[in-house]
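In: Provide a 3D model corresponding to the input given below.
(2 chains)
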There are 2 protein chains.
Amino acid sequence: MSAFEDARDELKKLPGIGFRSAERIALHLLVEHPEALAALLTTLADASQKISRCEICGNIAERGSLCTVCGNDRRDAARICVVEHVPDLMAIERAGTFGGTYHVLHGRLSPIRGITPQDLNFESLRKRVAGGNVEEIILALSNDIEGEATCHYIRETLLGSVANLKISRIGFGLPSGAILNFADPATLKSALESRREF
Amino acid sequence: MSAFEDARDELKKLPGIGFRSAERIALHLLVEHPEALAALLTTLADASQKISRCEICGNIAERGSLCTVCGNDRRDAARICVVEHVPDLMAIERAGTFGGTYHVLHGRLSPIRGITPQDLNFESLRKRVAGGNVEEIILALSNDIEGEATCHYIRETLLGSVANLKISRIGFGLPSGAILNFADPATLKSALESRREF
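Out: Numbers count the residues shown, from 1 in each chain, chains lettered A, B, ... in the order given. You can find the predicted model right below:
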């Protein structure tokens, strides 16, 4: 039944989905509740027509438009908060303390998993900074080895390119080994306020 | 961004997927790796063309064919093992000790969740038994209140309909409160061997 195995294997590629979950979802959609599949396919195809990456920062945006942050004149474009993923951005927005803009890398450097700067949304960050109107970069990456390595890479690359660029990294408040988008708003707020030179 | 919320809410309906997982998958497919979406949609649509329920037992089958168990002449059609879901059937097949056929209910009775016999693949089981060639029903349902209630319902409904029908329920070996398809093959084997009158 290779069509079933194909479906299961394709579902297994989704983030957070293992073998058993993929099998369960495939059976749900193909055997137990086939009527649910059409709605899912239509909704996803429809959403992919309407949704895209913001061309400035990589955040989720309506296709052809900037995201709600970059498209907001009252946000301070001179300050860029760099995050790994869109949910991290959403978590910081929920904290409600940051008035600048974002840059979403869509991942972080990982020599072990073969993820290089070319695999990330990094070149557009370099261009934003080279444009000359950026005063501060706040690195809000995960507090682990890969996050640390990514912070170092960004500092090394950006510091030389522009004079007087301030680079900080959120620090106090985020527990070691924690995943950023599970932190509560108060923790994220204190982490943003206690950012330090990096 | 209602298209995104629609996609997230549709994904949240899948078994085992909560709010955060649905959000993460929607962002993965729509923003971070949009190239992965087309493959997923194509594979699922393709699989739904090729895969369906076995018209005899409700197991996964190629569309227009019986499942691999019902289509196998060497399986003993006089013995029917009733399970809740297809993965339960697969788990018992992995144990390799059962030579009969199956019947997949696609759920179990639950007054609290409003699931009645009409919502389950039950009528076709009644017809198989009424057909007269079934000697034994083995109830391999979960060892909890809803599983117990479903066993009682099946016994009450089937026992009166045919003379000399033997109904048993797997018992020893399955820990209380456990989910069937996570049990190891040895446990399932002993549970099948130690089935008792019900």
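In: got the residue ranges for the helices in chain A?
Out: Assigned by DSSP state H, chain A shows helices spanning A:2-12, A:19-27, A:34-50, A:86-95, A:123-130, A:145-159, A:185-193.
In: and the angle from the second one to helix B:86-95?
Out: Inter-element angle recorded for helix A:19-27 and helix B:86-95: 120 degrees (by axes from the mean of the first three to the mean of the last three CA atoms, to 10 degrees).
In: returning to that earlier point: so can I have CSV of the helices of chain A showing mean pLDDT?
Out: CSV is the format used below for the helices of chain A (pLDDT from 0 to 100):
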stretch, mean pLDDT
helix A:2-12, 93
helix A:19-27, 93
helix A:34-50, 93
helix A:86-95, 89
helix A:123-130, 93
helix A:145-159, 90
helix A:185-193, 77
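In: export these to a markdown table and tack on mean neighbour count and distance to chain B?
Out: The way it works is simple: take the backbone N, C-alpha and C, and place the C-beta from them, glycine included. Shown next, in a markdown table, are the helices of chain A (neighbours: other CB atoms under 10 Å in any protein chain shown; distance: least, CB to the nearest CB, whole Å):
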| stretch | mean neighbour count | distance to chain B |
| --- | --- | --- |
| helix A:2-12 | 18 | 4 |
| helix A:19-27 | 20 | 5 |
| helix A:34-50 | 16 | 4 |
| helix A:86-95 | 20 | 5 |
| helix A:123-130 | 16 | 14 |
| helix A:145-159 | 17 | 16 |
| helix A:185-193 | 18 | 15 |
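In: tally of neighbours for residue A:111?
Out: 9 (other CB atoms under 10 Å in any protein chain shown).
In: ok, now residue A:139?
Out: 22.
In: Okay, and the beta partners of it?
Out: Bridge pairing for residue A:139 (DSSP bridges) gives the partners residue A:82, residue A:169.
In: you'd agree it is up against residue A:166?
Out: No - if you go by CB atoms under 8 Å, residue A:139 and residue A:166 don't touch, sitting 11.3 Å apart.
In: what's the spacing between residue A:94 and residue B:66?
Out: 52 Å (CB to CB, to the nearest Å).
In: Equivalent analysis for residue A:139, please.
Out: 59 Å.
In: cool, residue A:26 as well?
Out: 20 Å.
In: next one: residue A:42
Out: From residue A:42 to residue B:66 the distance is 31 Å (CB to CB).
In: just residue A:75 next, same as before
Out: Distance from residue A:75 to residue B:66, by CB to CB: 61 Å.
In: Spell out for me which residue occupies the centre of chain A.
Out: residue A:85 (1.3 Å; CA atoms, centre = their mean).
In: Would you state the predicted confidence (pLDDT) at that one?
Out: Residue A:85 is assigned 92 on the pLDDT scale.
In: swap in residue A:66?
Out: 94.
In: same thing with the one 5 residues further on?
Out: Here the pLDDT value assigned to residue A:71 is 95.
In: next one: residue A:104
Out: Residue A:104 is given a pLDDT of 97.
In: give me every residue that touches it.
Out: A:57-59, A:83-86, A:88-89, A:121 (CB atoms under 8 Å, 6 or more residues apart in numbering or on different chains).
In: quick one: which of those residues is nearest to chain B?
Out: Minimum distance to chain B across these is 4.9 Å, recorded for residue A:86 (CB to the nearest CB).
In: what's the spacing between that closest one and residue A:137?
Out: For residue A:86 relative to residue A:137 (CB to CB), the value is 18 Å.
In: again with residue A:43
Out: 37 Å.
In: Over to residue A:81?
Out: 8 Å.
In: contacting residues for residue A:117?
Out: A:109, A:123, A:153, A:157.
In: Share the number of residues neighbouring residue A:162, please.
Out: 16.
In: Quick check, it in contact with residue A:131.
Out: No - with contact defined as CB under 8 Å, residue A:162 does not count as touching residue A:131 (9.2 Å).
In: circling back: return the residues in contact with the residue nearest to the centre of chain A.
Out: Contacts of residue A:85 by CB under 8 Å, 6+ apart are A:104-107, A:181, B:27, B:32.
In: Also residue A:45?
Out: residue B:41.
In: With the one 5 residues further on instead?
Out: Each residue near residue A:50 by CB under 8 Å, 6+ apart is listed here: A:62-63, B:3.
In: And those, which is closest to residue B:14?
Out: residue B:3 (18.2 Å; CB to CB).
In: Spit out the contact partners of the closest one.
Out: So residue B:3 contacts A:46-47, A:49-51 (CB under 8 Å, 6+ apart).
In: Would you convert those residues into TSV that also reports distance to residue A:114?
Out: Output for the contacts of residue B:3, formatted as TSV (distance: CB to CB, whole Å):
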residue	distance to residue A:114
A:46	33
A:47	29
A:49	31
A:50	32
A:51	28
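In: and which of those residues is nearest residue A:197?
Out: residue A:51 (37.0 Å).
In: Near that closest one, how many residues? Count them for me, please.
Out: 21.
In: Identify the bridge partners of it.
Out: Those that pair with residue A:51 in a beta bridge, by DSSP bridges, are residue A:62.
In: That one reaches residue A:59, doesn't it?
Out: No - applying CB under 8 Å as the test, residue A:51 and residue A:59 come out as separate, 10.9 Å apart.
In: what residues do these two have in common as contacts?
Out: residue B:31.
In: list the contacts for residue A:14?
Out: So residue A:14 contacts A:22, B:25, B:28-29, B:40 (CB under 8 Å, 6+ apart).
In: again but with residue A:192, I slipped
Out: Counted by CB under 8 Å, 6+ apart, residue A:192 has contacts A:92, A:95, A:97-98, A:138, A:140, A:170.
In: Among those residues, which pair sits farthest apart?
Out: A:95 and A:138 (12.8 Å).
In: Any figure for the gap between residue A:125 and residue A:150?
Out: 11 Å.
In: so what sits against both of these two?
Out: Common neighbours of residue A:125 and residue A:150 (CB under 8 Å, 6+ apart) are residue A:105.
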